[in-house]
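*Asks:* Got a sequence here, can you model it:
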Amino acid sequence: MCGSVVRVTESAPLDVDLALLGGGGAASLLLAALDRHGVRDRRIAIVDPVRRRGQDRTWAFWGHPDTDLDPLLSASWQQVEVATAARRRVLDLTPLRYAMLRSGPVYDRAAEAERRLDATRVVAPADVVRDDGTRVLVRTGDGRSVRADWVLDSRPRPPSRAGRTTWLQHFRGWWLEADRPMFDPARAVLMDFRTPQPPRGVSFGYVLPVSDRFALVEYTEFSPDLLTDAGYDAALAGYRDLLGLDPAGLRVREVENGVIPMTDAPFPARPSARVVRLGTAGGATRPSTGFTFSAMYRQADQVARALADGRPPVPAAAYPRRHRWMDAVALRALDRGGVGGPDFFDRLFDRNPAERVLRFLDGVTTPAEEVAIMNSTRLLPMIAATAGDAAHRVRDRLRPARPALAIPPAVVGDAVGAE
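*Replies:* Residues are numbered from 1 along each chain as shown. The predicted structure follows:
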């Protein structure tokens, strides 16, 4: 049993110190972080209509080995491959590594943390969140209520206004089991741009091998529009054939799908005094790539450390402002056709150490390193995109804010993704 499940009524709200809204990746990482940092003196409630279990998403991320996540990993790799039509490049990530984490172990760890923290679970959707500046009242869809000092909200939310550029990272992956060795478990394929490129956007495949007979093979697009089911399956079959994998010796054991926003639209991390958003809703998704997990993990750790130290549970911004600006410019250049996606990423990896590129994508590089990154791109198209972005920002200030476009919620993580 995980914590406790209680019945609360509208006349008698459940009083807690901390309410977590949502129960996916961001909330699960937060529960584990609270347990890891010994936050035992807080009354905690989890408000979510679903108790998450099993494998419903996969995260892939890079970082240093020997972390608390290591026992949960399905696989990790020191070498990755980036391929274009012109060449295939093998990158040594030392001292980093690329890692794959499936949701099942994360949910199991969160369930254990929930029990150890003696958290109370309210199995219902949060319907209304009202912050009076002193406490927050959360009303559920079935008439119950929770009153908290702080609310940490990881539910998917739309941005506060429409972006100047809005794309989606959307993908489908097949977990393939082979009847003989077909994969190299020592090396992951990070980005393979030999896939047919869409008229507007970027596509690539990748391969995350768990063993020589079992791997996640995925097709991903960065583009404004989703494909049909048949379109994803055709793209995946084409990529499988491009890899030279014999379909007669393969079985599809599982299928994963996902949609993650790639936009310069703002996601306010602090919508009110005592409500803090986490995950994609809190700005954890990197606009230029859709990667989310590392920022989501940092947010959870920072919140837990703050509570353990007696400080407000407010994490730092997921990415520096200068990175959000660079992402807006890069998205604009890709969207307007100023640069091609395969060329853009190929030049980044060709002209920088792999570690620098990966740390930049995680938002932890220095300004000097970022100058080197920018010098790797094609200068004239990026200058044009910078000027266009600046003009668009001026226009945004002079006219009423446009409503945000509906963005489909993320289904799986980084491929993999976000909560």
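*Asks:* For stretch 154-162, buried residues please.
*Replies:* Ser154, Arg155, Pro156, Arg157, Pro158, Pro159, Ala162 (16 or more other C-beta atoms under 10 Å). (Each C-beta comes from the backbone N, C-alpha and C, glycine too.)
*Asks:* out of those residues, who's nearest Val39?
*Replies:* Closest approach between these and Val39, by C-beta to C-beta: Ser154, at 17.0 Å.
*Asks:* The closest one and Ala19 touch, don't they?
*Replies:* No: in this structure Ser154 lies outside contact range of Ala19 using C-beta atoms under 8 Å: 11.4 Å.
*Asks:* residues near the residue nearest to Ala372 when sequence neighbours are not counted, how many?
*Replies:* Leaving aside its chain neighbours, Ala372 sits nearest to Asn352 (6.3 Å; criterion: C-beta to C-beta, 6 or more residues apart in numbering). Applying other C-beta atoms under 10 Å, we find 19 residues neighbouring Asn352.
*Asks:* Quick one: residues contacting Asn352.
*Replies:* Ala372, Ile373, Ser376 (C-beta atoms under 8 Å, 6 or more residues apart in numbering).
*Asks:* Quick check: the gap between the first one and Ser203.
*Replies:* Distance from Ala372 to Ser203, counting by C-beta to C-beta, to the nearest Å: 27 Å.
*Asks:* Of those two, give the one with the bigger neighbour count.
*Replies:* Between Ala372 and Ser203, counting by other C-beta under 10 Å, Ser203 is the more crowded of the two (22 against 15).
*Asks:* which residues sit in contact with the more buried one?
*Replies:* Phe193, Thr195, Pro196, Gln197, Tyr219, Thr220, Glu221, Phe222, Ser223, Ala235, Gly341.
*Asks:* Check Val210 too.
*Replies:* Ser74, Ala75, Met100, Pro185, Leu216.
*Asks:* same thing with Thr289?
*Replies:* Gln169, Phe222, Met262, Leu361.
*Asks:* The last one is in contact with Arg286, isn't it?
*Replies:* Yes: counting by C-beta under 8 Å, Arg286 is a contact partner of Leu361 at 6.3 Å.
*Asks:* The two: which is more packed in?
*Replies:* Arg286 (24 against 21).
*Asks:* Looks to me like the more buried one is in a helix.
*Replies:* No: under DSSP: H, G, I helix; E, B strand; the rest coil, Arg286 sits outside any helix and is assigned coil.
*Asks:* Run a quick neighbour tally on Val122.
*Replies:* Quick note: Val122 (other C-beta under 10 Å) scores 25 neighbours.
*Asks:* I'd say it and Ile44 touch.
*Replies:* No: contact criterion C-beta under 8 Å: Val122 and Ile44 do not qualify, at 11.1 Å.
*Asks:* got any residues that touch both of those two?
*Replies:* Counting by C-beta under 8 Å, 6+ apart, nothing touches both Val122 and Ile44.
*Asks:* for stretch 206-224, which positions count as buried?
*Replies:* 206-210, 213-223.
*Asks:* Of these, which belong to strands?
*Replies:* With DSSP state E as the criterion, strands contain 206-210, 214-223 from among the buried residues of stretch 206-224.
*Asks:* returning to what we had before: what about the residue nearest to Ala372, distance to Phe360?
*Replies:* Counting by C-beta to C-beta - Asn352 and Phe360 are separated by 8 Å.
*Asks:* list residues touching both of these two?
*Replies:* Common neighbours of Asn352 and Phe360 (C-beta under 8 Å, 6+ apart) are Ile373.
*Asks:* how about the helices in the chain?
*Replies:* According to DSSP state H, the chain carries its helices in the segments 25-36, 103-116, 229-242, 293-308, 321-335, 341-351, 354-361, 367-375, 379-398.
*Asks:* looking at it, Leu137 is touching Arg130, isn't it?
*Replies:* Yes: between Leu137 and Arg130 a contact is recorded at 4.7 Å, counting by C-beta under 8 Å.
*Asks:* These two: which is more packed in?
*Replies:* Applying other C-beta under 10 Å to Leu137 and Arg130 shows that Leu137 carries more neighbours, namely 16 against 13.
*Asks:* which residues touch the more buried one?
*Replies:* Leu137 neighbours (C-beta under 8 Å, 6+ apart): Pro13, Val128, Val129, Arg130, Ser145, Val146, Arg147.
*Asks:* Any regions of this protein where pLDDT drops low?
*Replies:* 1-11, 379-382, 384-385, 389, 391, 393-419 (pLDDT under 70).
*Asks:* what residue is smack in the middle of it?
*Replies:* Thr292 (2.4 Å; C-alpha atoms, centre = their mean).
*Asks:* Report how many residues lie close to Leu29.
*Replies:* 29.
*Asks:* And Gly310, by the same measure?
*Replies:* With other C-beta under 10 Å as criterion, Gly310 counts 7.
*Asks:* Next: Phe293.
*Replies:* Applying other C-beta under 10 Å, we find 29 other residues in the vicinity of Phe293.
*Asks:* and if you look at the one 10 residues further on?
*Replies:* Counted with other C-beta under 10 Å, the neighbours of Val303 add up to 27.
*Asks:* quick one: the closest residue to it other than its chain neighbours from Arg180, how far?
*Replies:* Once flanking residues are discounted, Val303 sits nearest to Pro313: 4.5 Å by C-beta to C-beta, 6+ apart. Per C-beta to C-beta, Pro313 is found 51 Å from Arg180.
*Asks:* between these two, which one's more packed in?
*Replies:* Ranked by neighbour count (other C-beta under 10 Å), Pro313 and Arg180 place Pro313 first, with 23 against 8.
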